[in-house]
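> Can you look at this prediction? I've put the sequence above it.
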Amino acid sequence: MPRIRKGRLALLAAGIPAAGLAGLTWVRYRREIRQQRKRVAEGSQVARTRCGPIEYAVAGSGPPVLLSHGAGGGYDQGLSLGASLAARGFQVIAMSRFGYLRTPLPLDSSPEAQADAHACLLDALGIGRVAVMGASAGAPSAMQFALRHPGRSSALVLLVPAAYAPRAGGAPSVKTPPGAQFLFETALRSDFLFWAAIRLARPFVMRGILATPPEVVKNADAAEQARVADLLEQILPVTARRDGLINDAIIIPALQRYDLERIAVPTLAISTEDDLFGTYDGARYTAEQVPGARFRGFPTGGHLCAGHNEEIGAEIAAFVNESRPKEGPAGGPS
């Protein structure tokens, strides 16, 4: 047999397994992305409010807590972040912020407008006063809610918040981890690319998107590792969150200082020193400026507070409980 023909046969033999593997990968992706799309479509409702349609879901029963999720999230991330509160006797109301899942992106998508939309959702649900919890990129609208609707806020919790911090040379308050911009321009544009990235380059994605050192997660217990893995998977389908991600990418680098001295509700700010977004500085600064606020910092844990989930959940629950009005009505619209 001529040598050139043998070479072609060898290439063909090598290509058959590669093509088969690619086919199996695509089949697996299609199956799993269908499951993710089904999950987000069936787990929520859409409220028709005076601010427009707002997607939300409710978990638990008891005193209400409104949860404003972070970048790459939606109501589903909110439910995950609020799971410990729901388990401790609170009603968690998790909405999808502007541009995420089934909540459209309006012309005015500022944190102030988002805060007013939070109030609109509460109106539609017939709820007067709540504790509001803002996580990561959900913190600006949570702070604005406390400022713009003080009569409807019983407490403010800021978890690894995207918040103003004075930095040398006027540098952005929130830092950009290595690889974040590359992932934003590639994997976060495509469901398939993101699905593949979290399977083939998980540590890179964990550092660039979740701003958490991979070794912190590796050293955490099995329950925490599973929680982090779930949060990564929940970003899918990423294309249904793209408008919200772009909006957050515009707002967060341009954060300005709010009138923190006017926040008149009990406030708790929590962060970790090794959060690669640098939220530790903003959380501490906010707690120093808000009258009577508390700050809780951890040396490690990254943006996901890996290794501290139960402790943080218990602390937030206790804080919200002690901040509840002791008597009188729950409060009405501001």
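Alright, I've got the coordinates. Numbers count the residues shown, from 1 in each chain.
> quick one: average confidence on whichever strand or helix holds Gln225?
Using DSSP states H and E, Gln225 sits within helix 222-233. The pLDDT scores in helix 222-233 average 95.
> who's in contact with that helix?
36, 77, 80, 198, 202, 205-206, 210, 212, 217-218, 220, 304, 306-307, 309 (Cβ atoms under 8 Å, 6 or more residues apart in numbering). All C-beta spots, glycine's among them, are computed from the backbone N, C-alpha and C.
> hmm, 10 Å instead?
For helix 222-233, contacts defined as Cβ atoms under 10 Å, 6 or more residues apart in numbering pick out 32, 35-36, 39, 70, 72-73, 76-77, 80-81, 83, 194-195, 197-199, 202, 205-206, 209-210, 212, 214, 216-221, 301-302, 304-310.
> now do stretch 101-108
40-41, 43-47, 51-56, 73-77, 95-99, 113-114, 116-117, 121, 237, 240-244, 246-247.
> For stretch 204-220, buried residues please.
204-214, 216-217, 220 (16 or more other Cβ atoms under 10 Å).
> whoops, I mixed them up, stretch 114-134
Going by neighbour count (16+ other Cβ under 10 Å), the buried part of stretch 114-134 is 114-123, 125, 127-134.
> Just these: which are in strands?
Val130, Ala131, Val132, Met133, Gly134 (DSSP state E).
> So the most centrally placed residue in the chain: helix, strand or coil?
Among the residues of the chain, the one closest to the centroid is Gly70, at 2.4 Å (Cα atoms, centre = their mean). Following DSSP: H, G, I helix; E, B strand; the rest coil, Gly70 is assigned to coil.
> gap between it and Gly134?
Distance, Gly70 to Gly134, by Cβ to Cβ, to the nearest Å: 9 Å.
> So for those two, which residues contact both of them?
By Cβ under 10 Å, 6+ apart, Gly70 and Gly134 have these common neighbours: Arg97, Leu159, Val160, Pro161, Ala162.
> Make a PyMOL selection of the buried ones in those.
Filtering these down to the buried ones (16+ other Cβ under 10 Å) takes a single PyMOL command:
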select buried, resi 97+159+160+161+162
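> Tell me the one among the shared contacts of Gly70 and Gly134 nearest to Arg324.
Leu159 (19.0 Å; Cβ to Cβ).
> follow-up on the earlier one: need the shared contacts of Gly70 and Gly134 in a markdown table (columns: secondary structure).
Converted to a markdown table, those look like this (three-state DSSP):
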| residue | secondary structure |
| --- | --- |
| Arg97 | coil |
| Leu159 | strand |
| Val160 | coil |
| Pro161 | coil |
| Ala162 | coil |
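> got JSON lines for the shared contacts of Gly70 and Gly134, with distance to Glu185 too?
What follows is the shared contacts of Gly70 and Gly134, written out as JSON lines (distance: Cβ to Cβ, whole Å):
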{"residue": "Arg97", "distance to Glu185": "22"}
{"residue": "Leu159", "distance to Glu185": "27"}
{"residue": "Val160", "distance to Glu185": "24"}
{"residue": "Pro161", "distance to Glu185": "25"}
{"residue": "Ala162", "distance to Glu185": "20"}
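> CA atoms only: put the strand or helix carrying Glu311 into PDB for me.
Glu311 belongs to helix 309-323 when assigned by DSSP H and E. Below are the C-alpha coordinates for helix 309-323, written out as PDB (Å, rounded to 0.1, in the frame of the first residue of the first chain):
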ATOM      1  CA  ASN A 309     -22.100  30.000  54.200                       C
ATOM      2  CA  GLU A 310     -23.700  28.600  57.300                       C
ATOM      3  CA  GLU A 311     -22.100  31.100  59.600                       C
ATOM      4  CA  ILE A 312     -23.100  34.000  57.400                       C
ATOM      5  CA  GLY A 313     -26.600  32.700  57.000                       C
ATOM      6  CA  ALA A 314     -27.100  32.400  60.800                       C
ATOM      7  CA  GLU A 315     -25.700  36.000  61.300                       C
ATOM      8  CA  ILE A 316     -27.900  37.500  58.700                       C
ATOM      9  CA  ALA A 317     -31.000  35.700  60.100                       C
ATOM     10  CA  ALA A 318     -30.200  37.000  63.600                       C
ATOM     11  CA  PHE A 319     -29.600  40.500  62.400                       C
ATOM     12  CA  VAL A 320     -32.800  40.700  60.400                       C
ATOM     13  CA  ASN A 321     -34.700  39.300  63.300                       C
ATOM     14  CA  GLU A 322     -33.400  41.800  65.800                       C
ATOM     15  CA  SER A 323     -34.100  44.600  63.300                       C
END
